[in-house]
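1. Return atomic coordinates for the entry below.
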Amino acid sequence: MLVVGINGSPNEDGNTAFLIREVLRSAAKAGAKTELLHSMEVLEDQDKPYCDACSSPCDESCYVGTRLESALDAMAGADAIVVGSPVYFGTVSAQLKAIFDKSRALRAKKALVAKVGAGVSVGASRFGGQETTIRAIHDIMMVHGMTIVSDSSATETIGHHGVCAQRPAESDADALKSARVTGKRLVEEIKINRR
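-> Next up is the predicted model:
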C-alpha cells in the first residue's frame with residue numbers, strides 16, 4: 001500500500017510540504033508506505049517546464065528519461081495520492097499545474113482511475129483561497145477519474161474538503177488535526193477499494 005505526496009510549492013521545507021508530511025506520517029502510522037515528490041525537483045530537468053500540447057495524443061517525448069517520468073511512474077504505481085499547493089491567486093501553483101498538464105498520457109492510459117486522492121492547501125490568511133485551491137486540486141483529480149476523500153472519517157469529522165491551513169502551518173491546530181485524519185482516511189479508503 002503506497003501513498004504518494006506531491007508538494008506543489010517551490011519550497012521543499014515550507015508550510016505545504018510540512019502538512020503533506022503530516023498526512024503521509026498519519027498514513028504510514030495506519031500501515032502505508034509513503035513517498036514525497038517535490039514539484040521543483042520533478043520539473044528540474046524539463047526543457048520546457050510547461051505543456052504546449054506538441055502532440056495529441058501525448059507521445060511523452062518531452063519527459064522520457066527525466067525526473068518527471070519517474071514521478072509519473074510513482075503516481076501510477078500509488079494506491080493513493082495527496083496533492084498539496086500553496087494558494088497562488090486563489091488556485092494551485094504553476095509548478096503543480098505543469099506536472100498535471102504533462103500527465104495527459106497517464107490520463108489516456110487511465111493510470112490514475114479509482115486511485116484515492118486528497119488535497120492540501122496553505123494560505124497567508126485564514127480565508128485566503130485555500131478552499132478554491134483545494135477545489136482546483138479536486139478538479140484535476142476528477143479529470144483523472146480519482147476517488148476523492150475529505151478530511152472526515154467514520155470516526156472523526158474535522159472539515160469538509162481537505163487540509164486547509166493558515167501559515168505557519170505548524171501553528172494551525174485545526175490543520176494538523178485535518179492532516180492526521182486525512183492520512184488515516186486515505187488508508188481506510190484504499191482498504192475499502194481492495195475489498
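2. State the number of residues packed around the residue nearest to Ser93 when sequence neighbours are not counted.
-> Nearest residue to Ser93, sequence neighbours excluded (C-beta to C-beta, 6 or more residues apart in numbering): Gly8, at 4.6 Å. Yep, even glycine has a C-beta here, placed from its N, CA and C like the rest. Neighbour count for Gly8, taken as other C-beta atoms under 10 Å: 30.
3. Now do the residue lying closest to Ser85 once chain neighbours are set aside against Glu69, distance only.
-> Nearest non-adjacent residue to Ser85, counting by C-beta to C-beta, 6+ apart: Gly8, 3.6 Å away. For Gly8, the distance to Glu69 equals 18 Å [C-beta to C-beta, to the nearest Å].
4. what's the residue nearest to Ser93 in contact with, if anything?
-> The contact partners of Gly8, taken as C-beta atoms under 8 Å, 6 or more residues apart in numbering, are Thr16, Ser39, Val83, Gly84, Ser85, Pro86, Val92, Ser93, Gln95, Leu96, Ile99.
5. Top of the residues you listed by number of neighbours, please.
-> Gly84 (34 neighbours).
6. any idea how far that residue lies from Lys33?
-> Separation of Gly84 from Lys33 (C-beta to C-beta): 19 Å.
7. ok, and the closest non-adjacent residue to Ala124?
-> Nearest residue to Ala124, sequence neighbours excluded (C-beta to C-beta, 6+ apart): Arg167, at 6.1 Å.
8. Near the one you found, how many other residues are there?
-> As a burial measure, Arg167 scores 20 neighbours (other C-beta under 10 Å).
9. Which phi and psi values does it adopt?
-> phi -70, psi 150 (degrees, to the nearest 10).
10. How about Ile158?
-> Torsion angles at Ile158 (phi, psi; degrees, to the nearest 10) stand at phi -110, psi -60.
11. Could you do Thr16 as well?
-> Thr16 adopts backbone torsions of phi -60, psi -50, taken as degrees, to the nearest 10.
12. what kind of secondary structure is the residue sitting nearest the centre point of the chain in?
-> Among the residues of the chain, the one closest to the centroid is Val83, at 1.0 Å (C-alpha atoms, centre = their mean). When classified by DSSP: H, G, I helix; E, B strand; the rest coil, Val83 comes out as strand.
13. Asp13 too?
-> coil.
14. Tell me how many other residues surround the closest residue to Asp47 other than its chain neighbours.
-> In this structure, Asp47 finds its nearest non-sequential neighbour in Cys62, 6.9 Å apart by C-beta to C-beta, 6+ apart. Using other C-beta under 10 Å, Cys62 has 18 neighbouring residues.
15. What segments of the chain are helices?
-> Ranges of helices within the chain are 15-29, 39-43, 67-77, 94-101, 104-108, 130-143, 173-194, based on DSSP state H.
16. buried residues in the last one?
-> Same thing as helix 173-194. 175-190 (16 or more other C-beta atoms under 10 Å).
17. Okay, now the unreliable bits of the protein?
-> Applying pLDDT under 70 to the chain flags no residue at all.
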